[in-house]
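Q: Model the following, please.
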Amino acid sequence: MLSKRFDDKFTLIRTRLYPRAYPRSLKRYRVTLGVGGNIGDLIRRLEKLTFFFKRSRLCDLVQTGSILKNPPFGYTEQDDFHNSVMIVQTNLQPKAFLKYILEVERRFGRKRSFANAPRTLDIDIIFYEDRKIDTKDLILPHPAWQDRASVVIPMAYL
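A: Numbers count the residues shown, from 1 in each chain. Take a look at the predicted model:
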C-alpha cells in the first residue's frame, strides 16, 4: 500500500486493487459509483467489496480509482472517511440497480441512523450512463458530486 498526503486533510492511498482496470464487460449500462465509509478497516472492506462485485452476476467491475482518506462533512464529529469510485456495468435498470446497491450495503453491515452518520459502507450512484432522473428515491446524476473531493479526486485516477 502506498499513500501520498496532499495536506493535513487529504491522503491518497493506492493498493493492489485501487486503482485498477478489469476486463471489458458485455453488460449494457455503465454506472459510476462512489464508495466509502468510516467504521472499521475500510481498506480491507473496500477490497472485499471489489471481490464481491467481481463475483456478482448482476454487475461487472470495470475499474476502480484510488482511495482518498478525507474528513467528514455534514456531521463532523466522527472519524475520517476512506472513499473511492468504481465503474461497473449492469443490465439492471436504475431503480432495480439502486435496490441491489442498498442490499449490498446491508450485507456489508450498513445501518442507517441519521443523515451523514458514521457507516461501514456507503455506495452512491454518481452516474448511470448519461441518464437524468429526479424522483423521491433516486436523483441522477448524484447531487453535488462535483463539489465533493471524495468523488472528484478518486475519479481523476480512473
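Q: What pairs with the helix or strand that S84 is a member of, parallel or antiparallel?
A: According to DSSP states H and E, S84 maps onto strand 81-90. Counting by DSSP bridges, the strands paired with strand 81-90 are strand 29-37 (antiparallel), strand 59-64 (antiparallel), strand 67-70 (antiparallel).
Q: Out of those, which gets nearest to I87?
A: The closest of the strands paired with strand 81-90 to I87 is strand 59-64. By C-beta to C-beta, the value is 4.4 Å. For the C-beta atoms, the positions are set from N, CA and C on the backbone; glycine is no exception.
Q: Okay, buried residues for that closest one please.
A: Buried positions in strand 59-64, judged by neighbour count with 16 or more other C-beta atoms under 10 Å: 59-62, 64.
Q: Quick check: mean pLDDT of the strand holding S84?
A: Strand 81-90 shows a mean pLDDT of 98.
Q: can you dump the C-alpha coordinates of the very next helix or strand once past that strand into CSV?
A: Sequence order places helix 94-107 as the next helix or strand after strand 81-90, per DSSP H and E. Output of helix 94-107 as CSV, limited to C-alpha atoms (Å, rounded to 0.1, in the frame of the first residue of the first chain):
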residue,chain,number,x,y,z
PRO,A,94,-31.6,2.3,-12.5
LYS,A,95,-34.2,1.7,-9.8
ALA,A,96,-33.5,-2.1,-9.8
PHE,A,97,-29.8,-1.3,-9.6
LEU,A,98,-30.4,1.0,-6.6
LYS,A,99,-32.3,-1.7,-4.9
TYR,A,100,-29.3,-4.1,-5.5
ILE,A,101,-26.8,-1.5,-4.1
LEU,A,102,-28.9,-1.0,-1.0
GLU,A,103,-28.9,-4.7,-0.4
VAL,A,104,-25.1,-4.8,-0.9
GLU,A,105,-24.7,-2.0,1.7
ARG,A,106,-26.9,-4.0,4.1
ARG,A,107,-24.7,-7.2,3.6
